[in-house]
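Undergrad: Here's a sequence, model it:
(chains A and B)
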Amino acid sequence: NAGVTQTPKFQVLKTGQSMTLQCAQDMNHNSMYWYRQDPGMGLRLIYYSASEGTTDKGEVPNGYNVSRLNKREFSLRLESAAPSQTSVYFCASSAAGSIYGYTFGSGTRLTVV
Amino acid sequence: RKEVEQDPGPFNVPEGATVAFNCTYSNSASQSFFWYRQDCRKEPKLLMSVYSSGNEDGRFTAQLNRASQYISLLIRDSKLSDSATYLCVVHGGSQGNLIFGKGTKLSVKP
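TA: The predicted model follows:
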């Protein structure tokens, strides 16, 4: 099925461990985004990539890095996981900026212990 | 003023009821508006765009009032399957991205 694919779906990390969340879209979208969603906080933008080769910080970038590997793939890395990074992470993509809305992946549930 | 504000609910309504959600936004330059639906433990999915003239999709009607910076969603003849969280979404944050409200939870009971 066409859309946004995220891996893994679930992950448990120990404090200080690192990991990379993978995201790929097959809709030929230019822009890609990483959000985190916490109870009572709504969706918060971590990083985004307006086009291949560019990345920018969002609202809550601290503790994260991203790589726009090519037009299809946009990864999110946690270098040294902290319990405060326990969250649900969503990747999204859009065709032309934001005017047509975003398509989301199914999410990664991350727990840091 | 928060960028996008919604009543968190929950709204508990019986099947067949009409329910309305409201949303206000702070950026008067915003150009695109949406309602998303999010089921428990799932990703947000686009429900409908919101146009200046108002628009309808089956049982769902969206309205936009630019002067008041106010968006609404009306659901008629509620179904059990409408139970979800509804996110008000506005284009035009400081970085030109979509800004999501925290959502309004709807629970439709038999």
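Undergrad: What parts of chain B come near chain A?
TA: Contacts of chain B with chain A, taken as CB under 8 Å from any CB of the partner chain, map to B:31-32, B:34, B:36, B:42-46, B:49, B:87, B:89, B:91-93, B:95-98, B:100-103. For every residue, glycine as well, the C-beta is placed using N, CA and C.
Undergrad: let's go with 6 Å and repeat that
TA: Contact residues (CB under 6 Å from any CB of the partner chain) of chain B with chain A: B:32, B:34, B:43-44, B:46, B:91, B:97-98, B:100, B:102.
Undergrad: Show the low-confidence segments of chain B, by residue range.
TA: For chain B, residues meeting the criterion pLDDT under 70 lie at B:1, B:93-96.
Undergrad: the residue most distant from the middle of chain B, which is it?
TA: B:P110 (22.9 Å; CA atoms, centre = their mean).
Undergrad: and the closest residue in space to that one that isn't next to it in sequence, backbone torsions?
TA: Taking CB to CB, 6 or more residues apart in numbering or on different chains, and ignoring the residues beside it in sequence, B:P110 has B:E15 as its nearest neighbour in space, at 5.9 Å. Note on B:E15: its backbone torsions stand at phi -50, psi 140 [degrees, to the nearest 10].
Undergrad: What of the one 4 residues further on?
TA: Taking degrees, to the nearest 10, you get phi -130, psi 140 for the backbone angles of B:V19.
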